[in-house]
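S.K.: need a structure here:
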Amino acid sequence: MTTAAAAAPAAGKMPRQIPYIIGNEACERFSFYGMRNILVQFLASSVLLAYLPEADRQGMAKDVFHTFVIGVYFFPLLGGWLSDRFFGKYNTVLWFSLIYCAGHACLALFENDRNGFYTGLFLIALGSGGIKPLVVSFCGDQFDQSNKHKAKLVFDAFYWTINFGSFFASLLMPIFLREYGPAVAFGIPGALMFVATLIFWAGRKKYVRVPPASSDPDSFLHVARTALLARAPGQGRPGLAVAASGGMLAIGALLLIPKLGFVICACLALGLIIAFGGMGASMQLKRARGRHPDAAVDGVRAVLRILIVFALTTPFWSLFDQKASTWVLQGNQMVMPHDQWWWPSFLVRDAAQMQALNPALVMLLIPFNNLVLYPALRRMGFDPTPLRRMGAGIAFSGIAWIFAGIIQLGIDGGDPVSLAWQILPYALLTFGEILVSATALEFAYSQAPAAMKGVIMAFWYLAVTFGNVWVLLTNTGVRNETVISHIASTGLSENAFLMFFFAGFAFLTALAFAAYARRYPMQDNYRVA
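M.R.: Numbers count the residues shown, from 1 in each chain. Next up is the predicted model:
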């Protein structure tokens, strides 16, 4: 195994292995977004959902899409745990990439077979989710204290490259789906995933590989368990009682499976265990001192603080991921402005292609923010810290959905509405994404203790899972007759009501995020050279 010392670059220089990681990520992201961004469009018109009444197919297509996204961002827990405890980041990424390739093959081969196609979605969720927390942290492992100042440039370049792949996938895959059918449209992303795996494998002799902490007695879970179970003279164990109540509530959530479905209930149960278990451990964490090193106990406290930040970003993801479902379906109700001289009619012919705006704007806005906006704000005396950026990004997502709701009001009014109007909410949502997601890549790595970087990245991606759970819960809620009657009494359509509802959800969260960010103590956990 290549050790950190053997592969370390000259002090202060850019690691020479970074291009392999960036190249792998560009191809993998093309592969992922290539299939993801045509999934709702394909399902809504495919034979896979032909058993449903036509009026219900769009709703089911959205449910399948968000369930798939939940899986993609749930399996990072598994990948992060296997990496940190047993196999290390490199081996885990390589093996899950092969599962990922098999999933793409299933989509291309089983376009008319529901079981085969859904198996492919499961394998892609498992493979993509398994590597998702590791590639970013593996990239961070290539840096140390001597060149950590270059890490921000690479994290931004990393995010820029993700969107480079996403741009071409979003623009081209709807064309291939329309012109050549689903076998080709899903087959091309599969080929790119195979290329991504080869690129990653090609750099194997150059990487810094931080060994897994396979038998660490002072790991996060060990310290948290000690804190919950330890007794103090003359004191009870209120933290353990809180954690136990979370377990009871989780059991209650699982009992709702017949009503809400397995995915929603399992995610709610997991969230309750994490939330109440974290609160209970925090209440008694000082009891772990003496039984574990102070550094390990302080590391657990740092992780618990990070989890609160992550939890407060979940509403952002409930808005962001609907651009590939709700906004695509809204775009299908709008008029393509082929009569406008500036509209690229030769290329953009499907509402799903509007998603290409998101990565295109990311590639423009990241350098604009770093070179123009952030320096200007600093000259004005305002420091755009990571937490300030993330809070503002949540608020911008709410503004984007206000405009999406206004567009929906126009559609509901019966007049033709140009698809070009979607440019504005896409631009606002993308700006919010850069402030939240691109910033979080740097934030999550810098705040995580060394032994838990893979797992903490997995928790970051779990925030996306819960964002999509909110979407499924909301979609389930509006199928209730009482809720439908209430929405009707507002004079708004169901789509418009939900858009304004999600906007309000984001604004309330942005306020809560700002309040917590004021008290958050920043850490510096880059590897020592």
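S.K.: Kindly export stretch 401-417 (C-alpha atoms) in PDB.
M.R.: Provided in PDB are the C-alpha atoms of stretch 401-417 (Å, rounded to 0.1, in the frame of the first residue of the first chain):
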ATOM      1  CA  TRP A 401     -39.200  28.500  -5.700                       C
ATOM      2  CA  ILE A 402     -41.200  31.700  -5.300                       C
ATOM      3  CA  PHE A 403     -40.500  32.500  -8.900                       C
ATOM      4  CA  ALA A 404     -41.300  28.800  -9.900                       C
ATOM      5  CA  GLY A 405     -44.600  29.300  -8.100                       C
ATOM      6  CA  ILE A 406     -45.300  32.500 -10.000                       C
ATOM      7  CA  ILE A 407     -44.700  30.700 -13.200                       C
ATOM      8  CA  GLN A 408     -47.100  27.900 -12.200                       C
ATOM      9  CA  LEU A 409     -49.800  30.600 -11.500                       C
ATOM     10  CA  GLY A 410     -49.400  31.700 -15.100                       C
ATOM     11  CA  ILE A 411     -49.700  28.100 -16.400                       C
ATOM     12  CA  ASP A 412     -52.800  27.600 -14.200                       C
ATOM     13  CA  GLY A 413     -54.300  30.700 -15.700                       C
ATOM     14  CA  GLY A 414     -54.500  29.100 -19.000                       C
ATOM     15  CA  ASP A 415     -52.300  31.400 -21.000                       C
ATOM     16  CA  PRO A 416     -49.300  30.000 -22.900                       C
ATOM     17  CA  VAL A 417     -46.100  30.500 -20.800                       C
END
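S.K.: pLDDT on that stretch, on average?
M.R.: The predicted model assigns stretch 401-417 a mean pLDDT of 96.
S.K.: all helices for the stretch 251-400 of the chain, in order.
M.R.: 257-260, 262-283, 294-312, 314-320, 326-331, 357-368, 374-379, 386-412 (DSSP state H, counting those that start in this stretch).
S.K.: tell me the angle the second one makes with helix 294-312.
M.R.: Taking axes from the mean of the first three to the mean of the last three CA atoms, to 10 degrees, one finds that helix 262-283 is oriented at 140 degrees with respect to helix 294-312.
S.K.: Against residue 137, how distant is the nearest residue to residue 212 once chain neighbours are set aside?
M.R.: Once flanking residues are discounted, residue 212 sits nearest to residue 88: 4.9 Å by CB to CB, 6 or more residues apart in numbering. The way it works is simple: take the backbone N, C-alpha and C, and place the C-beta from them, glycine included. Going from residue 88 to residue 137 by CB to CB, to the nearest Å gives 11 Å.
S.K.: which element is the spatially most central residue of the chain on?
M.R.: By CA atoms, centre = their mean, the chain has its centre lying nearest to residue 464, at 4.2 Å. Taking DSSP states H and E as the criterion, residue 464 maps to helix 453-477.
S.K.: What residues sit buried inside that helix?
M.R.: For helix 453-477, burial by neighbour count (16 or more other CB atoms under 10 Å) applies to 453-472, 474-475.
S.K.: One more: stretch 184-201?
M.R.: Here stretch 184-201 shows 185-197, 199-200 as buried, counting by 16+ other CB under 10 Å.
S.K.: I figured residue 104 hits residue 125, correct?
M.R.: No: with contact defined as CB atoms under 8 Å, residue 104 does not count as touching residue 125 (11.9 Å).
S.K.: what about these two, which has more around it?
M.R.: residue 104 (26 against 22; other CB atoms under 10 Å).
S.K.: Backbone dihedrals for the closest residue to that one other than its chain neighbours, please?
M.R.: Leaving aside its chain neighbours, residue 104 sits nearest to residue 190 (3.0 Å; criterion: CB to CB, 6+ apart). Backbone torsions of residue 190, given as degrees, to the nearest 10, read phi -60, psi -40.
S.K.: can you tell which of the helices of the stretch 251-400 of the chain is closest to residue 84?
M.R.: helix 294-312 (12.5 Å; CB to CB).
S.K.: Which strands or helices does the closest one pack on?
M.R.: Counting by 3 or more CB pairs under 8 Å, 6 or more residues apart in numbering; DSSP states H and E, the packing neighbours recorded for helix 294-312 are helix 220-229, helix 262-283, helix 386-412, helix 439-447, helix 453-477, helix 494-517.
S.K.: Quick one: closest of these to residue 93.
M.R.: Nearest of those (CB to CB): helix 453-477, 10.4 Å.
S.K.: Show me how far that closest one is from its chain's centre.
M.R.: Centroid separation for helix 453-477 versus its chain: 8 Å, with CA atoms, centre = their mean, to the nearest Å.
S.K.: Now it: average pLDDT?
M.R.: 84.
S.K.: Does anything pack onto that helix? Which helices or strands?
M.R.: Contacts defined by 3+ CB pairs under 8 Å, 6+ apart place helix 453-477 against helix 54-74, helix 76-82, helix 114-141, helix 262-283, helix 294-312, helix 314-320, helix 439-447, helix 494-517.
S.K.: ok and it relative to helix 494-517, angle-wise?
M.R.: Using the same axes, to 10 degrees: helix 453-477 against helix 494-517 is 140 degrees.
S.K.: mind showing which ranges of the stretch 1-150 of the chain have poor pLDDT?
M.R.: The stretch 1-150 of the chain contains residues with pLDDT under 70 at 1-12.
S.K.: Next: the stretch 301-450 of the chain.
M.R.: Where the stretch 301-450 of the chain drops to pLDDT under 70, the residues are 441.
S.K.: rewinding a little: for the helices and strands packed on helix 453-477, could you give me JSON lines that also reports distance to residue 416?
M.R.: Shown next, in JSON lines, are the helices and strands packed on helix 453-477 (distance: least, CB to CB, whole Å):
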{"stretch": "helix 54-74", "distance to residue 416": "20"}
{"stretch": "helix 76-82", "distance to residue 416": "43"}
{"stretch": "helix 114-141", "distance to residue 416": "35"}
{"stretch": "helix 262-283", "distance to residue 416": "37"}
{"stretch": "helix 294-312", "distance to residue 416": "40"}
{"stretch": "helix 314-320", "distance to residue 416": "26"}
{"stretch": "helix 439-447", "distance to residue 416": "39"}
{"stretch": "helix 494-517", "distance to residue 416": "17"}
